[in-house]
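Novice: Following is a predicted model, sequence given first.
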Amino acid sequence: MENDNIIDVIYGNLGTMTQSDKKIAKTILADPSQAVNDTIAELAKAAAVSEASISRFCKNLSLDGFHQLKIELAKVADKESAYYDEINIDNVQQALNTISSNKVTEIKNTLASFKTPVVKKILHLIDSSRIVQVVAEGNTFPVAADAIYRFNQIGILTIGAEAWETSIGQTLNLQAADTLLVISNSGEAKSLLKQIEVAKQRGMKVISITNRKDSPIALKSDFHLRTSVRQQVLNSEYYFSRVAAMTVTEALFLLLIAEDRKRLSDIQQHEDIISSLKI
């Protein structure tokens, strides 16, 4: 598991877990410190599953076994910010504070998971690309649109389209000197996997941003950055946050500027032009 936060790993895998694994995950996330002290029998009883299910759960998370699960949980169990806090709408101020806590955790854990060598290679790839194409689908596309806007502002020709039919048409006109940046919450979108396949056929390098490093999109990419997500939607097992994904693209944007301060003049030129349209 390298240095991955086990809580992040559990959240990242929730969407693809079996019902049995989800029961175990919910029990652990409800009180990680309790899970650290539980025996395998006690955790199985609390989650209403068998001990064999606990062992399979650990294996599905690429852990050696229950003992390693407890070790990984012990590293983060005493940090309340490590896991999701429920939002209580009966107290709006408390709910806002909870949302703030969840978002701060997403940002901190997302950036903390980055490895310097990988980030440097990604920055070099973006900087040296003829064209960068940013793709996403559904409610993740606003993150892609923001990245397209920002990268163009600093002199990096970046394209993208919300309609997949148009987007894949763009990919078919790209070449080996170009880069595909894929943003996906689950890392399993079939349309984006097809787009990666087309990009690879054209000799392009692929960068991906997903919640899981073992997702199909992450595994097919040349470089991957993992997001840490905490915001639960509609009281389900589905976790989604534009904040985490946008944190990645904004971090890349700021690092590119830090590498070449001349890019600030590109932003100023762009701002000067569009300012004439403001009241």
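Specialist: Nice, thanks for sending it over. Numbering: from 1, shown residues only.
Novice: Check the offset of the longest helix seen in the chain from the chain's centre.
Specialist: Assignment by DSSP state H gives helix 92-112 as the longest helix of the chain. Relative to its chain's centre, helix 92-112 lies at 15 Å (CA atoms, centre = their mean, to the nearest Å).
Novice: Just the buried residues of that helix, please?
Specialist: Residues of helix 92-112 classed as buried by neighbour count (16 or more other CB atoms under 10 Å): 98, 102-103, 105-107, 109-111. (Each C-beta comes from the backbone N, C-alpha and C, glycine too.)
Novice: Need the max-distance pair from the residues you listed.
Specialist: Across the buried residues of helix 92-112, no pair lies farther apart than 98 and 111, at 21.1 Å, counting by CB to CB.
Novice: Next up, the contacts around residue 48.
Specialist: Residues in contact with residue 48 (CB atoms under 8 Å, 6 or more residues apart in numbering) are residue 23.
Novice: swap in residue 196?
Specialist: 180, 182, 206, 208, 217, 220-221.
Novice: quick one: which of those is nearest residue 35?
Specialist: The shortest gap between residue 35 and any of the contacts of residue 196 belongs to residue 217, at 29.9 Å (CB to CB).
Novice: For the closest one, which non-adjacent residue is closest in space?
Specialist: The shortest distance from residue 217 to any non-neighbouring residue, by CB to CB, 6 or more residues apart in numbering, is to residue 187 (4.1 Å).
Novice: Roughly how far does that neighbour sit from residue 13?
Specialist: With distances taken as CB to CB, to the nearest Å, residue 187 is found 11 Å from residue 13.
Novice: Those two: which is more packed in?
Specialist: Set residue 187 next to residue 13 and count neighbours by other CB atoms under 10 Å: residue 187 wins out with 29 against 20.
Novice: Next, that one: phi, psi?
Specialist: Backbone torsions of residue 187, given as degrees, to the nearest 10, read phi 80, psi 20.
Novice: Which residues lie in contact with it in this structure?
Specialist: 208, 210-212, 215-218.
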